[in-house]
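*Asks:* can't give you the sequence, but here's the structure:
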């Protein structure tokens, strides 16, 4: 069984109470849940929460909820805690709780390698970077991968460094540079194995937990997608999400009136 797990932490450091922030007429977490529900490959979606109020809101819109300890600080550890209670799960999909407009097709793209290749135990998404702002932002994680689409490295710096190019604009034009989209798919036993490993040196330096996998010899399959995501981490992100949602609603009304 393929189960999507959405980890939710109420006490976000940059946006307190983020899961319950309103976008249009719904809380952010409901948007994420309903968007993920468009996946054709997920058999079930669980929301792993650390707060009783958030849990009740999720139950009110029909979601299945697992309560996890407040002491858990990372999404992967929260998902692993929930996964231990999901005996029927073979594949676990880590769906970020702050992605209100995630495409169900993105989820399916990430899942497919584990369905067709028994050698793939972990997969994630990447999209080609098209703007200098993303290239230069340390908040946009970059990834390089080999000819078999296995990750070589993730970094907050621009990788690869294009030595003979004099501008960022030209680098993007002449070289394919990819950003990482933080949706992960795991075979359950590999998720549990990963979350038992100690924090590694590169992970500590870059503040990227996927480097723990690479440093321990785990292979991460990269799926290149054309879809993008809009994550909500700050008040400014929330404003952008609300603006985008309003635009979507106006477009839908325009289409229905034609």
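*Replies:* Noted; the coordinates are in hand. All values reported here derive from a predicted model rather than from experimental measurement. Numbers count the residues shown, from 1 in each chain.
*Asks:* give the contact list for the nearest residue to residue 40 once chain neighbours are set aside.
*Replies:* Using Cβ to Cβ, 6 or more residues apart in numbering and skipping the chain neighbours, the partner closest in space to residue 40 is residue 108 (5.8 Å). Any C-beta I mention is one placed from the backbone N, CA and C, and that applies to glycine too. For residue 108, the contact set (Cβ atoms under 8 Å, 6 or more residues apart in numbering) comprises 39-41.
*Asks:* helix or strand next in line after the host helix or strand of residue 108, which one?
*Replies:* In the assignment (DSSP states H and E), residue 108 maps to helix 104-116. Moving toward the C-terminus from helix 104-116, the next helix or strand (DSSP H and E) is strand 122-128.
*Asks:* quick one: strands adjacent to that next one?
*Replies:* strand 178-187 (antiparallel), strand 221-224 (parallel) (DSSP bridges).
*Asks:* give me whichever of those is most buried.
*Replies:* strand 178-187 (a mean of 23; mean count of other Cβ atoms under 10 Å).
*Asks:* and the strands in the chain?
*Replies:* Along the chain, the stretches classed as strands by DSSP state E are 2-8, 22-23, 26-27, 44-49, 64-67, 91-94, 122-128, 142-145, 151-155, 178-187, 221-224.
*Asks:* list the contacts of stretch 125-140.
*Replies:* 106, 109-110, 142-143, 145, 156-158, 168-169, 171-172, 176-181, 183, 222-228, 233.
*Asks:* for ChimeraX, what selects the buried ones among those residues?
*Replies:* Command for ChimeraX that selects the buried part of the contacts of stretch 125-140, burial taken from 16 or more other Cβ atoms under 10 Å:
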select :106,109,110,142,143,145,158,168,171,172,177,178,179,180,181,183,222,223,225
